[in-house]
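Peer 1: What follows is a predicted structure for the sequence shown.
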Amino acid sequence: MKLADACLTIAAASVACVAGPEDTTLATPPDDPGKADVSSGVVRKGLLPVGETVEADFTTDFEFHAWSVVLAAGGRVRLEVTRQGSTPSLATGLFVYGPVRADGSTGESIARDYDSGWRRLSRLELSSATMGRYLVVLGTRDGLGRGHYRLSATCTNGACDRVDEAVWLSCDGISAESVRECVADGASALDPGDTPDYGALLAGCTARDRALRYFESACGPEAMPAAFCPGGPDLYAARMMPTCRATLAPEYELGETIDLDDLALPEEIEAMIEVAGEGCDACSASAAAYTYPAGATPSLDVVLASVRALQREPDPADWTIDGAATAERLTDALGHWELAGWLEASRRAAGATETGIGSVSTSFYVAAGAEEWVTIWVVHFPATRTIETVTVAQGET
């Protein structure tokens, strides 16, 4: 059967053939042109992230593969079937549609290429005026080819993953609902009578592994991409999750919070903690230091809420915040544990003067009739983004 006859036969299945240069017949994807929509009739393969490559095989006649590419406004990407990784004899046709509309339709192709790449492989560049998802459809030149291909998407102007800074300043609806659902699922999985530890649940539901799942759902090949999608999953996890954690904390009566990262304790404070409370029965003490992201300017209340959110027992909601402590009160209280010099040591460690002192405290029963009181003293040094804490506990004897 001649190729032209094959095209006439396949045309009934919505695959078009058009005349190409030098009387070569070229294959085009289903519904192109005609219905002005290539949302059906092709094999959906998944997401093609900018900066990465995908691979697949053509094994049947008139086979077309569709890949989704998400671009930021102003982005320019080079789409290329690469020589390396592709069958040497392969000849391809590359088509771009979009941006994809809310109803999933694509419209007619906005760009196409058959042989601008190596030998008879396809290559073209695409500019995006608005942020959106584009459908990249690849087939063989005459519709009858077989072989393996590697398709790459390379940003050529550095703007393909650009996300407006304002996007990270609020927890968008998609992310908020994902986190809420995760927290609710965690709370419902507890045994009857158990009290949910919402601080731990919220921390777990905004952790990186969870963020990657949310991103995949919001930015996958079938989704209408959210404004954060061009930035990729790693940036989403690093920027959106802290915002959502702080935004949603009040819903669980945890107060606004900020991400805290551990700092190493200086030897001076470690030595003080080792001997703290030696003359007191049922006494214990520990210390910790934290920092927070550059550019953040948390109030003392936010710092205290953030320290409270780190606690795992009892539930963070059972801890009481006091933001009106003084240096004298702290020093007097710590004298019982022989830690009266802790504040001065903390000032030396932070290399600054504190702007706020507070505490987070609770009490709970560790056994029948045996209650324990715990206080975490918190000192904030915003000049060096340092938070020093000392925890003292005393149980009944």
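Peer 2: Done, it's in.

Peer 1: And the residue nearest the centre of this protein?
Peer 2: In the chain, the residue lying closest to the centroid (Cα atoms, centre = their mean) is residue 237, at 2.3 Å.

Peer 1: confidence score at it?
Peer 2: The per-residue pLDDT reported for residue 237 equals 92.

Peer 1: wait, it sits on residue 212?
Peer 2: Yes - if you go by Cβ atoms under 8 Å, residue 237 and residue 212 touch, sitting 6.4 Å apart. Heads up, the C-betas are built off the backbone N, CA and C, glycines and all.

Peer 1: Would you agree the residue nearest to the centre of the chain falls within a helix?
Peer 2: Yes - according to DSSP: H, G, I helix; E, B strand; the rest coil, residue 237 belongs to a helix.

Peer 1: Now it. Nearest residue, chain neighbours left out?
Peer 2: Spatial nearest neighbour of residue 237, excluding adjacent residues (Cβ to Cβ, 6 or more residues apart in numbering): residue 211 at 3.6 Å.

Peer 1: Let me know whether the one you found touches residue 233 as I believe.
Peer 2: Yes - when contacts are counted by Cβ under 8 Å, residue 211 is listed as touching residue 233 (7.2 Å).

Peer 1: Looking at the two, which one has more neighbours?
Peer 2: Just comparing residue 211 and residue 233: by other Cβ atoms under 10 Å the higher neighbour count belongs to residue 211, 23 against 18.

Peer 1: Let me see the mean pLDDT of the strand or helix carrying the more buried one.
Peer 2: According to DSSP states H and E, residue 211 maps onto helix 208-219. Across helix 208-219, pLDDT averages out at 93.

Peer 1: Which elements pack onto it?
Peer 2: Contact analysis of helix 208-219 by 3 or more Cβ pairs under 8 Å, 6 or more residues apart in numbering; DSSP states H and E lists helix 173-188, helix 233-248 as its packing neighbours.

Peer 1: want to try JSON lines for those, with distance to residue 226 as columns?
Peer 2: JSON lines is the format used below for the helices and strands packed on helix 208-219 (distance: least, Cβ to Cβ, whole Å):
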{"stretch": "helix 173-188", "distance to residue 226": "6"}
{"stretch": "helix 233-248", "distance to residue 226": "9"}
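
Peer 1: Tell me which of the ones you listed lies nearest to residue 71.
Peer 2: Residue 71 lies closest to helix 233-248 among the helices and strands packed on helix 208-219, at 15.1 Å (Cβ to Cβ).

Peer 1: Which elements pack onto the closest one?
Peer 2: Counting contacts by 3+ Cβ pairs under 8 Å, 6+ apart, helix 233-248 packs against helix 173-188, helix 198-205, helix 208-219.

Peer 1: I'd like the next helix or strand past it.
Peer 2: That would be, after helix 233-248 and using DSSP H and E, strand 261-263.

Peer 1: For that next one, buried residues please.
Peer 2: residue 263 (16 or more other Cβ atoms under 10 Å).

Peer 1: Could you do stretch 135-151 as well?
Peer 2: Of all the residues in stretch 135-151, those buried under the rule 16+ other Cβ under 10 Å are 135-145, 149-151.

Peer 1: Then stretch 263-277?
Peer 2: Residues of stretch 263-277 classed as buried: 263, 265, 266, 269, 272, 273, 276, 277 (neighbour count, 16+ other Cβ under 10 Å).

Peer 1: Residues contacting it, please?
Peer 2: Stretch 263-277 is contacted by residues 283-291, 337-339, 341-342, 345-346, 348-349, 386, 390, 392 when judged by Cβ atoms under 8 Å, 6 or more residues apart in numbering.

Peer 1: What segments of the chain are helices?
Peer 2: For the chain, the helices defined by DSSP state H occupy 3-10, 173-188, 198-205, 208-219, 233-248, 267-275, 300-309, 327-334, 342-350.

Peer 1: Kindly provide the whole-number mean pLDDT of the second one.
Peer 2: Average pLDDT, helix 173-188: 94.

Peer 1: Just checking the distance from stretch 125-143 to the centre of its chain.
Peer 2: Distance of stretch 125-143 from the chain centroid (Cα atoms, centre = their mean, to the nearest Å) equals 26 Å.

Peer 1: where are the low-confidence patches of the stretch 151-300 of the chain?
Peer 2: 277, 279 (pLDDT under 70).

Peer 1: residue contacts, residue 153?
Peer 2: Counting by Cβ under 8 Å, 6+ apart, the residues that residue 153 touches are 48, 49, 50, 51, 52, 53, 69, 77, 78, 79, 136.

Peer 1: In strands only, show me those residues.
Peer 2: Counting by DSSP state E, these place 53, 69, 77, 78, 79, 136 in strands.

Peer 1: neighbours around the third one, how many?
Peer 2: Summarising burial for residue 77: neighbours were counted as other Cβ under 10 Å, giving 26.

Peer 1: Look up how far residue 196 lies from it.
Peer 2: Applying Cβ to Cβ, to the nearest Å, the value for residue 77 to residue 196 is 45 Å.

Peer 1: Quickly list the domain ranges of the chain.
Peer 2: Structurally, the chain divides into domains by automatic domain parsing as follows: 3-155, 165-252, 261-395.

Peer 1: surely residue 364 meets residue 395?
Peer 2: No - with contacts counted by Cβ under 8 Å, residue 364 stays clear of residue 395, the gap being 10.1 Å.

Peer 1: who's more crowded, the two?
Peer 2: residue 395 (17 against 13).

Peer 1: And for the closest residue to residue 292 other than its chain neighbours, the neighbour number?
Peer 2: Closest residue in space to residue 292, ignoring its immediate chain neighbours: residue 258 at 5.2 Å, by Cβ to Cβ, 6+ apart. Look at residue 258: counted by other Cβ under 10 Å, it has 21 neighbours.

Peer 1: What is the neighbour count of residue 42?
Peer 2: Number of residues near residue 42 (other Cβ under 10 Å) recorded here: 20.

Peer 1: now the nearest residue to residue 226 once chain neighbours are set aside: how far from residue 29?
Peer 2: Leaving out its chain neighbours, the residue that sits closest to residue 226 by Cβ to Cβ, 6+ apart is residue 218, at 5.0 Å. Remark: distance between residue 218 and residue 29 (Cβ to Cβ) = 27 Å.
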